[in-house]
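# predicted model and sequence follow; I will ask about them next.
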Amino acid sequence: HVAMTTPGLAAIAEVRHLAINLSGPLCAHLTDLLDMDEEHAKWLVDMGAVFIDKVRVGAGAYNAIVPQGSYLRVHPSPRRFPVAWTADWQKRLVHVNSNYVIVNKPGGLPCHASLDNAKETTEACAERALSAEVGSISALHRLDVPTHGLMCLGRTPFFAAHFSRLLRMRRVRKEYLALASAPPQLG
């Protein structure tokens, strides 16, 4: 087994790279090679912070067999977005139908999965609020993490393609409103 830490901004985002020499269950590799308890290893899998050969491991796949020669990438300390758990997501669903969802995204939350966190996103929160299948809702446009506002999330591939086409043709207009504590300085 070979373990390396990504150089550079280790204090901000540590990444561990593991070359697997013997086949075995995923959580066993994580606990043995990274000296972490099984509960933390399972939490990382559920957060979407573990990849096998560049593919994110699905939540609950703790005992997936990692083949010999595989490459594991692990984010042991994923960036957290607490608003995913404190916001009332039922009240944030502005409009829901079979094709799309309009959601009032709170500030402090990404629209879609980051490299180290697939669970605390606008998409994932909307899926949980609707009891929808994981991966069934997709952000059709983005708002920056600190920005709050209305977002359109697609529920079908057909609608996602249709909405993308409308954006390209400039048939959808986006408006932004900024609130300032004082008038901006001109010049």
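Sure thing, it's come through. Numbering: from 1, shown residues only.

# doesn't Ala59 make contact with Asp46?
Yes. Contact criterion C-beta atoms under 8 Å: Asp46 and Ala59 qualify, at 4.6 Å. For the C-beta atoms, the positions are set from N, CA and C on the backbone; glycine is no exception.

# which neighbours do these two have in common?
Lys119 (C-beta atoms under 8 Å, 6 or more residues apart in numbering).

# low-confidence ranges in the chain?
1-13 (pLDDT under 70).

# quick one, longest helix in it?
Among all segments of the chain classified by DSSP state H, the helix with the greatest residue count is helix 157-168.

# please save the CA atoms from that one in CSV.
Extracted as CSV, the C-alpha positions of helix 157-168 are listed here (Å, rounded to 0.1, in the frame of the first residue of the first chain):
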residue,chain,number,x,y,z
PRO,A,157,-33.4,14.6,-18.5
PHE,A,158,-35.9,15.9,-21.1
PHE,A,159,-36.6,19.0,-19.0
ALA,A,160,-32.9,19.5,-18.2
ALA,A,161,-32.1,19.5,-22.0
HIS,A,162,-35.1,21.8,-22.7
PHE,A,163,-34.0,24.3,-20.0
SER,A,164,-30.4,24.3,-21.2
ARG,A,165,-31.6,25.0,-24.7
LEU,A,166,-33.7,28.0,-23.4
LEU,A,167,-30.7,29.4,-21.6
ARG,A,168,-28.5,29.1,-24.8
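
# list the buried residues in that helix.
Buried residues in helix 157-168, defined by neighbour count with 16 or more other C-beta atoms under 10 Å: Phe159, Ala160, Phe163.

# again with stretch 49-64
Neighbour-count burial for stretch 49-64 [16+ other C-beta under 10 Å]: Ala49, Val50, Phe51, Ile52, Arg56, Val57, Ala61, Tyr62.
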